[in-house]
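K.L.:
output the structure for:
(chains A, B, C and D)
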Number of protein chains: 4
Amino acid sequence: ENRGRLLVKCPDKPGIVSVLSAFLHTHNSNIIESSQYSSDPVNGTFFIRIAYHCEGLVGKCAQMEKDFEQIAAVHNMEYSFNYLRERTRSAIFVSKEPHCLMELLWEWQNGDLDTDIVVVISNHEDARPFVEALGIPYYYIPANKEIRKQVEAEQVRLMEQYKIDLLILARYMQILTPEFVEHFENRIINIHHSFLPAFIGAGPYERAYERGVKLIGATSHYVTNNLDEGPIIEQDVERVDHRDDVVQLKKIGRTIERRVLTKAVKWHLENRVIVEGNKTIVFH
Amino acid sequence: ENRGRLLVKCPDKPGIVSVLSAFLHTHNSNIIESSQYSSDPVNGTFFIRIAYHCEGLVGKCAQMEKDFEQIAAVHNMEYSFNYLRERTRSAIFVSKEPHCLMELLWEWQNGDLDTDIVVVISNHEDARPFVEALGIPYYYIPANKEIRKQVEAEQVRLMEQYKIDLLILARYMQILTPEFVEHFENRIINIHHSFLPAFIGAGPYERAYERGVKLIGATSHYVTNNLDEGPIIEQDVERVDHRDDVVQLKKIGRTIERRVLTKAVKWHLENRVIVEGNKTIVFH
Amino acid sequence: ENRGRLLVKCPDKPGIVSVLSAFLHTHNSNIIESSQYSSDPVNGTFFIRIAYHCEGLVGKCAQMEKDFEQIAAVHNMEYSFNYLRERTRSAIFVSKEPHCLMELLWEWQNGDLDTDIVVVISNHEDARPFVEALGIPYYYIPANKEIRKQVEAEQVRLMEQYKIDLLILARYMQILTPEFVEHFENRIINIHHSFLPAFIGAGPYERAYERGVKLIGATSHYVTNNLDEGPIIEQDVERVDHRDDVVQLKKIGRTIERRVLTKAVKWHLENRVIVEGNKTIVFH
Amino acid sequence: ENRGRLLVKCPDKPGIVSVLSAFLHTHNSNIIESSQYSSDPVNGTFFIRIAYHCEGLVGKCAQMEKDFEQIAAVHNMEYSFNYLRERTRSAIFVSKEPHCLMELLWEWQNGDLDTDIVVVISNHEDARPFVEALGIPYYYIPANKEIRKQVEAEQVRLMEQYKIDLLILARYMQILTPEFVEHFENRIINIHHSFLPAFIGAGPYERAYERGVKLIGATSHYVTNNLDEGPIIEQDVERVDHRDDVVQLKKIGRTIERRVLTKAVKWHLENRVIVEGNKTIVFH
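P.N.:
Numbers count the residues shown, from 1 in each chain, chains lettered A, B, ... in the order given. Take a look at the predicted model:
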């Protein structure tokens, strides 16, 4: 595969696009897709995502990356080169409710999720049969507050063993400690079953019912140490009415959660999501 | 006009629909539309809205209402008869931003808002020209915390003078006191510029921007003494992204506010909204 | 299960609701849900769907149905009694693309599809493994224009053998003959991969791409002898843009097709859909 | 105003972005926003829209345009320079229904429509009062098939007199001749009251009602000689149900038409829309 993606963040000033496009051109790379955003044209921060095609990229990329170092230094750039042939390795954590896991596995089977799902970890046994049927290792690690440290040690060990790049919380109903989260900064994606910041915390559908809202939602976000307050990647809603009790809200909610998490994961895998402060830039 | 609407709320038990439909049939009324809801078939509360047609309704309705008293007593009903020929009288309160006021006036001009808009009150002079151009009296009453009591006294006086049934807060940016609200229980409709319960209180677009949400919304609700916590009638949202600054969010928000408030007002005028506790039943 | 649903269609005139609710009340049935529609209060057609609860319904329903005959005769009613304990028996037809089949099976496994899926028939072998894994018989019947008669004879035989009430075409890409369709009037539900009546016939995504539409859709409808022109049950759309090629449109379309077909099937199973002429009344 | 927008279309090949960004950089212009699209990286067509800021643009732009000629020649570019200080001059054509006209005037009054609305032309007198109240000249030109030539001659004369760049058909219910359309290639925007290509031609709401669709829509497109078949700029839909008669469909439709036309016009004015064949590229 001869495709790469270059992500750059730097202080905004005239000429950045010119420098980057000249660099790629001199390295025989054709820009296929390019998206940019500046927080402010005057003294702001500039972000760009460039997808490019380069014949013989595998053989050239080391030199390219080396050549880029000088440019990055001059313009004070944070950057990353990403190659489509190096597939992201993902782990999925799930508790009892399987709908988000199922949706991800389905997209993955269809070839629509550009990652290797290499391990599934759960504090329940429920999902084992259909995960193992797909040839994916399944680890049952019971979890509760008392044994959290020990559980997380085991989880971190598995993350390292399986060389995990991305951790997807597909309705994993346990809180993660700051120590755990630090291991995977901007690499843990969660689905919260409400339209954040409404109904932060536990029991969002119950509380949505109590409040009498006319739309319910779901939010996919990166996990930080502040529960349900990490950078939002995607949100969506569905209409409900007075006849919908909590059971019905949960059923409707499942369809929202499935599609919101899947979109967020896809965009992350395509390097479309950039975290800036507590917000995201998403280059659609 | 020979049309009426009967709204009933009572303890649920078998036979209620039978009693009501027999009553209407014996009074030569044909049911045109009927919607019902029970909070629980066992020991719950039953709600029904029946729209009916009755030849010569004007002459018959007094006797009908009298005949209904006994039924209501037997079945412990709260109820109301509403007649389409008796048009609701509405007042609109507005501050500087005219978009919600404009939308309401527009629908009213088109004949799509089944009420008489008899007075507009504002703490700014901005909207006077186009309100008066439509022949609607416009009162400028400056408002702030210090003079709230005196302002509200004047407002209440006008409400009485104009015999107001419904008070619409079309982006009126002053807080109303509990005393004022009590005068108009379930008869003040507000538009809040967020997807409640997210961003209760001031500056919702600013806070939506800070939080980095991917959808913004608006909520129309009855006003109670708890700010932004009254029964929700309608909500809606629009998609936004990282490029939208606060100014842009406000522009997008205006289109949501316009349509959400207008829908809520229309449903109220058609007696489609029943308040139950802090929630609404909306019979679409 | 003590629940039933009564559907009635008759000429509209005053008193119908009264007659029906009195009938149910005298048969000790409590109305749980009721929806009605009149094509025109004057000389129109009246439709009603009543869900009721009746203690000991199994033992009483034969007598109830008998007692209803006289009422029906007097008021010229078409009607049906439906009992929740008598589960509908469904067959699914599918070709190569499994996404709609998968979604239906998933909802069924979750207990959210109130039917017995008793057989799956396909002109391809692809879906066999996961259908049989769920214990559902799978029949491979190759199909093409030349052998249509013989294929349909075999299909009809299976429909009879499995006592099928509802036939779901979950992306079955073969045309059915009028003879076949007649066997199952208003009992075959299809998903068409466009927002009908746009892009009737073959290749709708290709044609949507050519036309440059900004939304694509899917339509679920009852099958009649006019291809893609049967009564529409449900439709939905998603936004697309100039970057979406046909492959991408098909991916986006799959998510629409899945949810539109599933909704239509659920509403059919809940007796919420009434066919009237070439349109449907859907009581949500 | 020191802002400009450069639109370029050329055969795709490596280095285009580099050439363009170097050009802007050497002319002291800072890229604020850039969007690009290639129909195919291999032998496709490349499109780019660049918004830039340049101190003292008014004094420099003539030289810049001259300097660009050589680049354009080398790379076979079609292009246009657009300057924000040169406001587009728009005319609006309307028939009896004023809702689209009103929405445009409203946005314009709010300062949200970046154009000068310099004339309104109608085959009815209805809209005169509120158009003239805003100080916009209003011309009543009766129209029908018989006098089409003469009517269009008068319209073209007014378009020239008022130096019109953009012609907006805000529910103008007369067909334009090919001769007229040719005068304004890709500069006439129409709103069609259906989700095209469904219900091309007259009476779309009537036909939507007859077909029993569950969503109705509106489409904004450039006018070509094929009625309702020009390049689509924007579309949207709303949900309807069996209770909505044609009158109700039209009411719902009006809200869709208003927002779809307004969006399309805004995007056109921001040079976000590029016509390619019978489709549009819209850079959001």
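K.L.:
okay, the angle between the longest helix along chain A and helix C:246-269?
P.N.:
Assignment by DSSP state H gives helix A:246-269 as the longest helix of chain A. Counting by axes from the mean of the first three to the mean of the last three Cα atoms, to 10 degrees, helix A:246-269 lies at 170 degrees to helix C:246-269.
K.L.:
excluding chain neighbours, give the residue nearest to the residue in the stretch 1-150 of chain A that chain C sits nearest to in space.
P.N.:
When scored by Cβ to the nearest Cβ, the stretch 1-150 of chain A has residue A:112 as its residue closest to chain C, at 6.3 Å. The C-beta positions use only the backbone N, C-alpha and C, and glycine is treated the same way. Excluding the flanking residues, the one nearest residue A:112 by Cβ to Cβ, 6 or more residues apart in numbering or on different chains is residue C:251, at 6.3 Å.
K.L.:
residue A:142 too?
P.N.:
Nearest to residue A:142 is residue A:123, by Cβ to Cβ, 6+ apart, at 5.6 Å.
K.L.:
residues contacting the one you found?
P.N.:
A:95, A:140-143, A:172-174 (Cβ atoms under 8 Å, 6 or more residues apart in numbering or on different chains).
K.L.:
so which of the residues you listed is the closest to residue B:235?
P.N.:
If you rank the contacts of residue A:123 by distance to residue B:235 using Cβ to Cβ, residue A:173 comes first, at 27.3 Å.
K.L.:
what sits closest to the closest one if chain neighbours are left out?
P.N.:
Closest to residue A:173 by Cβ to Cβ, 6+ apart is residue A:95, at 4.2 Å.
K.L.:
do the same with residue A:214
P.N.:
residue B:235 (4.5 Å).
K.L.:
over to residue A:52?
P.N.:
Excluding the flanking residues, the one nearest residue A:52 by Cβ to Cβ, 6+ apart is residue A:29, at 4.2 Å.
K.L.:
any idea how far residue A:20 is from the one you found?
P.N.:
11 Å (Cβ to Cβ, to the nearest Å).
K.L.:
what's the distance between the one residue in the stretch 101-250 of chain A that gets nearest to chain D and residue D:83?
P.N.:
Per Cβ to the nearest Cβ, residue A:239 is where the stretch 101-250 of chain A lies closest to chain D, at 9.1 Å. Per Cβ to Cβ, residue A:239 is found 44 Å from residue D:83.
K.L.:
the closest residue to residue A:277 other than its chain neighbours: what's it in contact with?
P.N.:
In space, and not counting its chain neighbours, residue A:277 is closest to residue A:231: 7.8 Å by Cβ to Cβ, 6+ apart. Listed by Cβ under 8 Å, 6+ apart, the contact partners of residue A:231 are A:186, A:221-222, A:224, A:275, A:277-280, B:212.
K.L.:
the longest helix of chain A - what's its average pLDDT?
P.N.:
Across helix A:246-269, pLDDT averages out at 97.
K.L.:
show residues contacting the next helix or strand after it.
P.N.:
From helix A:246-269 onward toward the C-terminus, using DSSP states H and E, the following helix or strand is strand A:273-276. By Cβ under 8 Å, 6+ apart, the residues outside strand A:273-276 that reach it are A:7, A:9, A:39, A:45, A:47, A:49, A:186, A:222, A:231, A:233, A:264, A:267, A:280-283.
K.L.:
out of those, which one sits closest to residue A:205?
P.N.:
residue A:264 (19.9 Å).
K.L.:
which ones are touching the closest one?
P.N.:
By Cβ under 8 Å, 6+ apart, the contact list for residue A:264 reads A:189, A:191, A:220-221, A:233-234, A:273.
K.L.:
for the closest residue to it other than its chain neighbours, which three-state class applies?
P.N.:
The shortest distance from residue A:264 to any non-neighbouring residue, by Cβ to Cβ, 6+ apart, is to residue A:220 (3.5 Å). Following DSSP: H, G, I helix; E, B strand; the rest coil, we place residue A:220 in the strand state.
K.L.:
which parts of the stretch 151-284 of chain A are helices?
P.N.:
All helices of the stretch 151-284 of chain A, identified by DSSP state H, counting those that start in this stretch, fall at A:178-183, A:204-211, A:246-269.
K.L.:
what residues does chain A have near chain C?
P.N.:
Residues of chain A found near chain C, taking Cβ under 8 Å from any Cβ of the partner chain as the criterion, are A:99, A:102, A:106, A:110, A:112, A:251, A:255, A:259.
K.L.:
residue furthest from the geometric center of chain A?
P.N.:
What lies farthest from the middle of chain A is residue A:243; by Cα atoms, centre = their mean that is 34.7 Å.
K.L.:
I figured it hits residue B:39, correct?
P.N.:
No. The criterion here is Cβ atoms under 8 Å, and residue A:243 misses it with residue B:39 at 9.9 Å.
K.L.:
could you export stretch A:15-32 as PDB, CA atoms only?
P.N.:
The C-alpha coordinates for stretch A:15-32 follow below in PDB (Å, rounded to 0.1, in the frame of the first residue of the first chain):
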ATOM      1  CA  GLY A  15       3.400  29.700   4.100                       C
ATOM      2  CA  ILE A  16       2.800  26.600   6.000                       C
ATOM      3  CA  VAL A  17       0.700  24.900   3.300                       C
ATOM      4  CA  SER A  18       3.300  25.900   0.800                       C
ATOM      5  CA  VAL A  19       6.100  24.300   2.800                       C
ATOM      6  CA  LEU A  20       4.100  21.100   3.300                       C
ATOM      7  CA  SER A  21       2.900  20.800  -0.200                       C
ATOM      8  CA  ALA A  22       6.400  21.500  -1.600                       C
ATOM      9  CA  PHE A  23       7.900  18.900   0.700                       C
ATOM     10  CA  LEU A  24       5.400  16.200  -0.500                       C
ATOM     11  CA  HIS A  25       5.900  17.200  -4.100                       C
ATOM     12  CA  THR A  26       9.600  17.000  -3.900                       C
ATOM     13  CA  HIS A  27       9.200  13.500  -2.400                       C
ATOM     14  CA  ASN A  28       7.000  12.400  -5.300                       C
ATOM     15  CA  SER A  29       3.900  12.300  -3.300                       C
ATOM     16  CA  ASN A  30       0.500  13.300  -4.700                       C
ATOM     17  CA  ILE A  31      -2.000  14.900  -2.300                       C
ATOM     18  CA  ILE A  32      -5.300  13.000  -2.400                       C
END
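K.L.:
now it: buried residues?
P.N.:
By neighbour count on 16 or more other Cβ atoms under 10 Å in any protein chain shown, the buried set for stretch A:15-32 is A:15-25, A:27-32.
K.L.:
what angle separates the longest helix of chain A from helix A:204-211?
P.N.:
Relative orientation of helix A:246-269 versus helix A:204-211 (the same axes, to 10 degrees): 130 degrees.
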